[in-house]
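**Student:** Predicted model and sequence follow; I will ask about them next.
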Amino acid sequence: MTAADTVLNVSHLSLSSSVQKNLVSDVSFSIAPGECLGLVGESGSGKTITLRSILGILPPGIVLTGGSIEKHGSCAMIFQNPVSALDPLCPVVSQLVEVIRCHQKMSRESALVQADELLRMLDLPVSLERLDRYPGQLSGGQCQRIMIAIALACRPDLLLCDEPTTALDVTVQKQIIAVLRNLQHTLEFSMLFVTHNLAVASALCTSLCVMKQGTVVEKGDTKSVLSRPQTEYTKLLIRSVLPVPECGKEE
Amino acid sequence: MTELEVNSCSVWYGSYKALDCIHIQIEKNKTLGLVGESGSGKSTLARTIAGLIIPQTGEIVLESQKLAERRTREQHRKIQMVFQNPDSSLNPKLTVRQILSEPMLFHKIVTRGNVESRCRELLACVQLDSSALDAYPRAFSGGQRQRIALARALSIKPDVLIADEPTSALDVSVQLSILDLLKSIKKDLGLTMLCISHDLGVIYAVCDSVAVMKQGRIVETNTAETFFRHPETEYSRLLLSSVPRMETV
């Protein structure tokens, strides 16, 4: 794959802090247009800081010590906890309109029209268009939809998702996954999806990258990684997905 | 034989009704799983049973003995709880030895001379090395801390153990080992358990029967087998269908 037909190309990325050398070492992956790459691993495996380094928002004290990140196009990010990612003192549609105006340089009126369109696309209550509400007055799932709307308002070529469904209930998680899948289909952006849940990753991602203690231990397309895991660690992660029997089926 | 019974319990937070006339029963040596979405009242119910919240109406019966508003020390001892987040439920300024021995001395489970050996026994029971006794909670990983919290709950020989989302703050690979530990401890010590989780996989792994909560009410109570194979209510079916599954394997 040449650099021209990738949206993101991360090669030999290394990140360190003063306390711990090699938080992430020699991580390489690339994302093609329309592809969804899942970054899977447990806490402390370096998923989130890899994601943050792509957007250039590393926490203070962590520095890039090697490798390169090539972006071809714009990026937007969705965070784990939607309630804390939104400004609690500003009504949600105003936040959305602000982002649209800032990124697309348009008037308030046309920004509102586009905001309405995004709200409808994400199945948010239409009442929001007339009566704007604060993040605290919405449910967690609704806040996450607003975050997705804000991220999409930048018309990104690449959407970075940092455990977007971990703070949500299973029923809401299912809706958000469906929303992301549909939007990706219609708007044709690429996704980098960070999660610790292999089942969620398998529902969304076309390829997987398994991380452990700052290194990539296995990568490949989702089906082959899950059906023929090569490393012990991937096998362990797969074993850790607790089974739930299918409704209405006998064993 | 019914070990624990909750009879028409209601709890209000101000004008908000968190629990609405709850009835549940747990058989001796069985595990009841409590599932539901956030805000459905699972944790409120657990805290009510543990005596941390006093219900406005209704009663809690333990071994056919009604628990009064103020429980005796003995009644407190019989119901113990393991919380969701081990980082915030262990006192960071106490060593593991202090954490484990304090409740044992308070409830006069062992004499001062035998505390040390009992502590070692407890750590062995949760599969931790006895060298852990002098360390502080910060020296341990999340999974190890949850084991310490479990050892503390077990230290005073409870009859009923309430596990409130015992694994949701932990990594998936650690989750499995904690669930195995819960199962083996329950079997060895003959505990009655109430396990709360929003993760149906956890419930399937440890529970004998399941109660589904929604907006402060119990909408379905069933054996685990029936609940997972043939759920009776629409809401249970919705919950079950929402679980993400791996497509292959």
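**Tutor:** Sure, I can see it.

**Student:** What residues sit buried inside the longest helix along chain B?
**Tutor:** Longest helix in chain B, counting residues (DSSP state H): helix B:172-189. Neighbour-count burial for helix B:172-189 flags B:172, B:174-179, B:181-182, B:185-186 (criterion: 16 or more other CB atoms under 10 Å in any protein chain shown). In this view, the C-beta of every residue, glycine as well, is placed from N, C-alpha and C.

**Student:** Check stretch A:54-67 too.
**Tutor:** Here stretch A:54-67 shows A:54, A:58, A:62, A:67 as buried, counting by 16+ other CB under 10 Å.

**Student:** Restricted to helices, list those.
**Tutor:** Reading helices off these with DSSP H, I get residue A:54.

**Student:** Let me have the buried residues of stretch A:54-67 in a markdown table, extended by distance to residue B:93 and pLDDT.
**Tutor:** Formatted as a markdown table, the buried residues of stretch A:54-67 follow (distance: CB to CB, whole Å; pLDDT from 0 to 100):
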| residue | distance to residue B:93 | pLDDT |
| --- | --- | --- |
| A:54 | 40 | 92 |
| A:58 | 33 | 89 |
| A:62 | 29 | 89 |
| A:67 | 42 | 90 |
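
**Student:** Now render the buried residues of stretch A:54-67 as TSV, adding distance to residue A:130.
**Tutor:** Shown next, in TSV, are the buried residues of stretch A:54-67 (distance: CB to CB, whole Å):
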residue	distance to residue A:130
A:54	38
A:58	41
A:62	44
A:67	49
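
**Student:** Residue B:83: which of the buried residues of stretch A:54-67 is nearest?
**Tutor:** Nearest to residue B:83 among the buried residues of stretch A:54-67 is residue A:62, at 31.1 Å by CB to CB.

**Student:** residue contacts, the closest residue in space to that closest one that isn't next to it in sequence?
**Tutor:** With sequence-adjacent residues excluded and distances taken as CB to CB, 6 or more residues apart in numbering or on different chains, residue A:62 is closest to residue A:17, at 4.7 Å. Going by CB atoms under 8 Å, 6 or more residues apart in numbering or on different chains, residue A:17 touches A:23, A:61-63.

**Student:** let's see it at 7 Å
**Tutor:** Listed by CB atoms under 7 Å, 6 or more residues apart in numbering or on different chains, the contact set of residue A:17 reads A:23, A:61-62.

**Student:** if you look at the residues you listed, which of them are in strands?
**Tutor:** residue A:62 (DSSP state E).

**Student:** quick revisit: what's the closest of the buried residues of helix B:172-189 to residue A:176?
**Tutor:** When the buried residues of helix B:172-189 are compared against residue A:176 (criterion: CB to CB), the nearest one is residue B:172, at 19.6 Å.

**Student:** I figured that closest one hits residue A:196, correct?
**Tutor:** Yes: proximity of residue B:172 to residue A:196 meets the contact threshold set by CB atoms under 7 Å, at 6.1 Å.

**Student:** And the pLDDT at residue B:110?
**Tutor:** On pLDDT, residue B:110 comes in at 90.

**Student:** Surely it is in a strand?
**Tutor:** No: going by DSSP: H, G, I helix; E, B strand; the rest coil, the assignment for residue B:110 is coil, not a strand.

**Student:** residue boundaries of the strands in chain B?
**Tutor:** B:2-13, B:16-27, B:31-35, B:57-62, B:65-66, B:79-82, B:160-164, B:192-196, B:209-214, B:217-223.

**Student:** so what pLDDT did the closest residue to residue A:157 other than its chain neighbours get?
**Tutor:** Computed as CB to CB, 6+ apart, the closest residue to residue A:157 that is not its neighbour in sequence is residue A:73, at 2.9 Å. Predicted confidence (pLDDT) at residue A:73: the value is 88.

**Student:** How about the contacts made by residue A:73?
**Tutor:** Applying CB under 7 Å, 6+ apart to residue A:73 gives the contacts A:7, A:157-158.

**Student:** hmm, back to that, please report the distance of the residue nearest to residue A:62 from chain B.
**Tutor:** 18 Å (CB to the nearest CB, to the nearest Å).

**Student:** which bits of chain A sit near chain B?
**Tutor:** Applying CB under 7 Å from any CB of the partner chain, one finds that chain A approaches chain B through A:42-43, A:169-171, A:173-174, A:196-200, A:202-203, A:223, A:226-227, A:236-237, A:240-245, A:247-248, A:250.

**Student:** coming back round to it: how about the backbone phi and psi for the residue nearest to residue A:157?
**Tutor:** Torsion angles at residue A:73 (phi, psi; degrees, to the nearest 10) stand at phi 130, psi -180.

**Student:** Equivalent analysis for residue A:157, please.
**Tutor:** Dihedral angles (degrees, to the nearest 10) for residue A:157: phi -90, psi -20.

**Student:** Settle this for me: it is touching residue A:188, isn't it.
**Tutor:** No: assessed by CB under 7 Å, residue A:157 is found out of contact with residue A:188, at 9.1 Å.

**Student:** which of these two has more neighbours?
**Tutor:** Legend: neighbour count by other CB atoms under 10 Å in any protein chain shown for residue A:157 and residue A:188, higher for residue A:157 (19 against 10).

**Student:** What's the per-residue pLDDT of the more buried one here?
**Tutor:** 92.

**Student:** gap between it and chain B?
**Tutor:** Look at residue A:157 and chain B: by CB to the nearest CB, they are 27 Å apart.

**Student:** can you tell me which residues contact that residue?
**Tutor:** Contacts of residue A:157 by CB under 7 Å, 6+ apart are A:7, A:73-74, A:189-190.

**Student:** ok, now which ones touch whatever residue of chain B ends up closest to chain A?
**Tutor:** Closest to chain A within chain B is residue B:201: 2.8 Å, counting by CB to the nearest CB. By CB under 7 Å, 6+ apart, the residues touching residue B:201 are A:242-244.

**Student:** which of these count as buried?
**Tutor:** A:242, A:244.

**Student:** With pLDDT and distance to residue A:180 added, can I get the contacts of residue B:201 in TSV?
**Tutor:** Conversion of the contacts of residue B:201 to TSV gives the following (pLDDT from 0 to 100; distance: CB to CB, whole Å):
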residue	pLDDT	distance to residue A:180
A:242	85	23
A:243	85	25
A:244	85	22
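
**Student:** bridging residues for the closest residue to residue B:24 other than its chain neighbours?
**Tutor:** Of all residues not flanking residue B:24 in the chain, residue B:6 sits nearest, at 4.8 Å (CB to CB, 6+ apart). Assessed by DSSP bridges, residue B:6 has beta-bridge partners residue B:24, residue B:60.

**Student:** Pull the contacting residues for residue B:6.
**Tutor:** Taking CB under 7 Å, 6+ apart, one finds B:22-24, B:49, B:60 in contact with residue B:6.

**Student:** likewise residue A:185?
**Tutor:** Residues near residue A:185 by CB under 7 Å, 6+ apart: none.

**Student:** per-residue confidence at it?
**Tutor:** 88.

**Student:** And it, which helix or strand is it part of?
**Tutor:** helix A:170-187 (DSSP states H and E).
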